[in-house]
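Chemist: Here is a sequence together with a model predicted from it:
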Amino acid sequence: MVSRVIPVDTFDLTIFGGTGDLARRKILPGLYRRYRAGQMPEGSRIVGAARSDMDTDTYRAEVREALREFIQPAKLDRDDVEGFLGCLHYVAIDATGEKGWQELRELMRPDRVRAFYFSVAPALFGAIAERLHHHRIADADSRIVVEKPFGRDLASAQELNRTLAEHFDETQIYRIDHYLGKETVQNLMALRFGNVLFEPLWNSQYVDHIQITVSETVGVGGRGGYYDKSGAMRDMVQNHLMQLLCLIAMEPPSQFEPDAVRDEKLKVIRALDPVRPDDIVRGQYEAGGNVPSYQDDVEDPDTRTESFIAMKIHVSNWRWAGTPFYIRTGKRLRARQSEIAVVFKDAPHSIFGAEAGRHRNILTIRLQPNEGMTLVTTIKEPGLGGMRLIDVPLDMTFADALGAENEVTDAYERLVMDVIRGNQTLFMRGDEVEAAWGWTDPIIQSWSVRDDRPFRYEPGSSGPEESSMLLHRETRRWREIRE
Ligand code: NAP
């Protein structure tokens, strides 16, 4: 099976922050892979823009280094690399000054899709939007791409939305949450709405509860200063985990179209109950082995910011009344693992008696590692001697099922191509972001009012013990975070 490459129109993509970490690690390698796949039409151009003074040749040399660092050697074909670098240009520009804007304007050509990736600090979004407009570089068909963090609370998100709306229509704004670009996440929609099998069971009558886990093994590392001002709630829950929850919980949209999908996600966020303090566990990793504690990492012995959070969430609507969603995410945990588990209820009546034990169907959607799905089903344990039941996984890993040539595309490359195509389905709409902050804000505020202190947890563990209690007290348990 060979993946089908859908052509896009010829484009001029400007990356503000074209020398930064995100551009080097994700955006440019992703574009290179699209070039290699034959999806970058001839004549398309990528313009790197940042303050540093350098010419296009120097920029190309820098990007060559970035490709060497972030692309597997087997995929660094010399002709492809040179061909791709030939599409690159560089403009030294100051987002907050006048330098470079005229030059950028002169580079723009008519009859090309024009896209501008704001891969810079959010404080610069307004200045860039203003100058793109003022210098008539952006037109009514141009697209802008903005990165998280999209605000740090409702007020700042509203302010950002207002700033962008001064110069761009909502249909031109692409707010990236790279989780939505992950192949498995999109597969969640295919699984639910492309099959007849699961949807009749996808409700509180059959689903006992749902678990979403996004665990990391790394600490905050060099990002301590930034991270300590946000914490797991702002950095992961308000955006990534919330998006995953929406895709699991939403009603079927009438069509797979941007506003139809985003309307349904928004309804889920609006149906979220406020979370009770007892249903939240926050944690901070301790020192262990040769790794420092969270406090040491952020150089603040009194910090109250969480590097781990677990919560029980209720979606108050007809479909989900009575089925809790448990979510958890954290740093310095046992393994790097992202998964969604739909835990179905027990069979209503066991004809096999107590000896058969208690068994449950669990559908697990793995985002990483080994993107794929597993459905745990109950079968008879082979052998003589009564009727004993065991659980066995029906396992599907994309790489095995679809063949190596269908390698899973990186989220960024998929999303950047969607921008060029003008497809906003996998991007967050302004009202979604605001609704998510509207739900998150009171929770965060309550921590400072109650002087809430995170629990400690050992590095390499599954988080604080109190997180297990969140489920134990309801005779449930977290799925294991496995190495
Ligand atoms: P970074 O490594 O600090 O890069 C910032 C880029 O912006 C550099 O190219 C810098 O180049 C340029 N820049 C700074 N001030 C400028 C100005 N006044 N005018 C024009 N260019 C300017 O940051 P990053 O990690 O790439 O992150 C970029 C954005 O993506 C941030 O909003 C970040 O929160 C978000 N993000 C990053 C990641 C990631 O993995 N890195 C993940 C998710 C979201 P000069 O200094 O030469 O101007």
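Modeler: Yep, it's here. Residues are numbered from 1 along each chain as shown.
Chemist: how much space is there between the nearest residue to Asp302 once chain neighbours are set aside and Gln284?
Modeler: Once flanking residues are discounted, Asp302 sits nearest to Gln295: 7.9 Å by C-beta to C-beta, 6 or more residues apart in numbering. Yep, even glycine has a C-beta here, placed from its N, CA and C like the rest. Distance of Gln295 to Gln284, given as C-beta to C-beta, to the nearest Å: 7 Å.
Chemist: which residues are common contacts for these two?
Modeler: Thr303 (C-beta atoms under 8 Å, 6 or more residues apart in numbering).
Chemist: Looking at these two, which is more packed in?
Modeler: Taking neighbours as other C-beta atoms under 10 Å, Gln295 and Gln284 compare with Gln284 leading, 26 against 19.
Chemist: So that one sits against Glu306, correct?
Modeler: Yes - with contact defined as C-beta atoms under 8 Å, Gln284 counts as touching Glu306 (6.5 Å).
Chemist: Overlap in contacts, those two.
Modeler: Pro454.
Chemist: Is Gln211 in a helix, a strand, or coil?
Modeler: Following DSSP: H, G, I helix; E, B strand; the rest coil, we place Gln211 in the strand state.
Chemist: Could you pull up phi and psi at the nearest residue in space to Pro252 that is not next to it in sequence?
Modeler: Distance criterion C-beta to C-beta, 6+ apart; nearest residue to Pro252, sequence neighbours excluded, is Phe193 at 5.3 Å. The phi/psi pair for Phe193 (degrees, to the nearest 10) reads phi -110, psi 0.
Chemist: Please report the confidence value the model assigns to the residue of the stretch 201-350 of the chain found nearest the ligand.
Modeler: In the stretch 201-350 of the chain, the residue that lies nearest the ligand is Tyr226 (7.5 Å; C-beta to the nearest ligand atom). On pLDDT, Tyr226 comes in at 90.
Chemist: for the closest residue to the ligand within the stretch 301-450 of the chain, helix, strand, or coil?
Modeler: Closest to the ligand within the stretch 301-450 of the chain is Tyr412: 9.6 Å, counting by C-beta to the nearest ligand atom. Assigned by three-state DSSP, the conformation of Tyr412 is helix.
Chemist: so what's it up against?
Modeler: 26-27, 30, 178, 181.
Chemist: From Asp235, how far out is it?
Modeler: Applying C-beta to C-beta to Tyr412 and Asp235 gives a distance of 18 Å.
Chemist: cool, Arg24 as well?
Modeler: Counting by C-beta to C-beta - Arg24 and Asp235 are separated by 21 Å.
Chemist: Using CSV, write out the CA atom coordinates for the helix or strand hosting Ala435.
Modeler: Taking DSSP states H and E as the definition, Ala435 sits inside helix 430-449. Below are the C-alpha coordinates for helix 430-449, written out as CSV (Å, rounded to 0.1, in the frame of the first residue of the first chain):
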residue,chain,number,x,y,z
GLY,A,430,-11.0,31.1,18.7
ASP,A,431,-14.2,30.3,20.6
GLU,A,432,-13.0,26.8,21.4
VAL,A,433,-9.8,28.2,22.9
GLU,A,434,-11.7,30.7,25.0
ALA,A,435,-14.2,28.1,26.2
ALA,A,436,-11.3,25.9,27.3
TRP,A,437,-9.7,28.7,29.3
GLY,A,438,-13.1,29.6,30.7
TRP,A,439,-13.3,26.1,32.2
THR,A,440,-9.6,26.1,33.3
ASP,A,441,-9.3,29.5,34.9
PRO,A,442,-11.5,28.9,38.0
ILE,A,443,-9.6,25.7,38.7
ILE,A,444,-6.2,27.4,38.6
GLN,A,445,-7.5,30.4,40.6
SER,A,446,-8.9,28.1,43.3
TRP,A,447,-5.4,26.7,44.0
SER,A,448,-4.0,30.1,45.0
VAL,A,449,-7.1,30.8,47.1
